[in-house]
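J.: I need the structure of the sequence given here:
(one chain, ligands or ions: 2)
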Amino acid sequence: MLVLGIESTCDETAVSIVKDGSEILSNVISSQVDLHKPYGGVFPELASRSHIDKIIPTIDEALTKANITLDNIDLIAVAHGPGLIGSLLIGVTAAKTLSLALNKPFIGVNHIEAHLYAAIMNRLHEVTFPALGVVISGGHTMLLKMSGIGKYEKIATTIDDAIGECFDKVASILNLSYPGGPEIEKLAQSGDNSYFNFTPGVVKDNPLSFSFSGLKTKVLYTVKGQNGLKESSLAIEEEEKKHIAASFQYCAFSDLIDKSLSAAKQHNCKSILFGGGVSNNKYLRELLKQKDPSIQTFWPTLGLSLDNAAMIAGLAYHKFLEKNISDSYYLEADPRLPIL
Ligand code: KG4
Ligand code: ZN
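T.: Ligands and ions are numbered 1, 2, ... in the order given. The predicted structure is shown next:
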């Protein structure tokens, strides 16, 4: 089955052609990073307008790269949430229009669920369920018990900032460019992760839940002085910025890994799947290996950590096999679409 997937939840216009849920024939990502850089984050209205400009050329490019035409497609898939409403609407409208015009079924999938699928897309048969799903993106931080695709139980989430958002904000405090995650990773490579002693957030009622806003504020006050503001001048030496990046990254990732390993143990999960933009971080992968060399882990392969449409098309294949029916055209873009 050939699935054309569309992803436009945030600031990437992406289209991919995937065969039978795992074989990627093309995976085109048209990034808007340069458009949003001057604003230090995604400017939603500009994102929507750029999706309008790019959606058709990106569909064309994905078809050309896969060496097929629209006639060969069996199913149209789209991420219909969660995300920015204006951005989502472009992808959802494009998917419905293609479906109607070509008289082919269409299906909406959850963007966050697709991030987890990205980790197992090419190794599905190797996963031992129940598995622990760890979502680490710009908008979500969540631990889930997975009994299979589409069978999830929420274990813990963040009570404030998402981990990716925290990386972006710390990067901004350090005057690094957007998106901040990769910049922090780069700068941290030359820093000492024990130079500053940052401590992770503790959530009273659920020790597996996350809180990153206290850590972010601690970084702010260390860099800009007690009660300092983002605009204040540096209270540390320029040279110490790399130690901030390394110490912050170590603190956030140790917290993430320790809680993930505890959750896996408590919920009898033999494997852990990581999904979302932050899973692209190589240091995270190394640190996990150091903390537990034996647990079976699944990470998205190259190009599948950040927002992409291959994970949308791949997951849609399984959803369609399960339902065997097209979604209704009443299916709407949903900025807060829950995973369960
Ligand atoms: O999944 P994603 O592409 O978009 C959302 O669904 O949010 O994740 C984007 C997030 C951003 O916060 C970005 O800074 C972070 O992922 N990120 C990273 C790295 N690459 C991207 N964070 C840490 N290290 C990285 N190498
Ligand atoms: Zn994402």
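
J.: What does the pLDDT read for Glu231?
T.: The predicted structure scores Glu231 at 88 on the pLDDT scale.

J.: Could you pull out the strands in this protein for me?
T.: 2-7, 12-19, 23-31, 75-81, 106-110, 131-136, 141-148, 151-157, 271-275, 296-298 (DSSP state E).

J.: I'd like those as JSON lines, with mean pLDDT appended.
T.: Listed next are these as JSON lines, based on pLDDT from 0 to 100:
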{"stretch": "strand 2-7", "mean pLDDT": "98"}
{"stretch": "strand 12-19", "mean pLDDT": "98"}
{"stretch": "strand 23-31", "mean pLDDT": "97"}
{"stretch": "strand 75-81", "mean pLDDT": "98"}
{"stretch": "strand 106-110", "mean pLDDT": "98"}
{"stretch": "strand 131-136", "mean pLDDT": "98"}
{"stretch": "strand 141-148", "mean pLDDT": "98"}
{"stretch": "strand 151-157", "mean pLDDT": "97"}
{"stretch": "strand 271-275", "mean pLDDT": "98"}
{"stretch": "strand 296-298", "mean pLDDT": "98"}
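
J.: Residue of the stretch 1-150 of the chain nearest ligand 2, please.
T.: Ser137 (4.5 Å; Cβ to the ion). Just so you know, the C-beta spots here come from the backbone N, C-alpha and C atoms, and that holds for glycine as well.

J.: And the residue nearest to that residue when sequence neighbours are not counted, what's its pLDDT?
T.: Spatial nearest neighbour of Ser137, excluding adjacent residues (Cβ to Cβ, 6 or more residues apart in numbering): Gly276 at 3.2 Å. According to the per-residue confidence, Gly276 scores 97 in pLDDT.

J.: Gly276 contacts Ser305, correct?
T.: Yes: the pair Gly276 and Ser305 qualifies as a contact (Cβ atoms under 8 Å) at a distance of 7.2 Å.

J.: Looking at the two, which is more packed in?
T.: More crowded of Gly276 and Ser305, by other Cβ atoms under 10 Å: Gly276, with 28 against 23.

J.: What distance do you get for that one to ligand 2?
T.: 6 Å (Cβ to the ion, to the nearest Å).

J.: Pull the contacting residues for the residue nearest to Ser137.
T.: Applying Cβ atoms under 8 Å, 6 or more residues apart in numbering to Gly276 gives the contacts Ile112, His115, Val135, Ile136, Ser137, Gly138, His140, Gly164, Ser305.

J.: quick check, the longest helix belonging to the chain touching ligand 1?
T.: Using DSSP state H, we find that the single longest helix of the chain is helix 241-266. No: counting by Cβ under 6 Å from any ligand atom, ligand 1 is not contacted by helix 241-266; separation bottoms out at 7.7 Å.

J.: what helices or strands is that helix leaning on?
T.: Counting contacts by 3 or more Cβ pairs under 8 Å, 6 or more residues apart in numbering; DSSP states H and E, helix 241-266 packs against strand 131-136, strand 141-148, strand 151-157, helix 163-173, helix 180-188, helix 213-224, helix 282-291.
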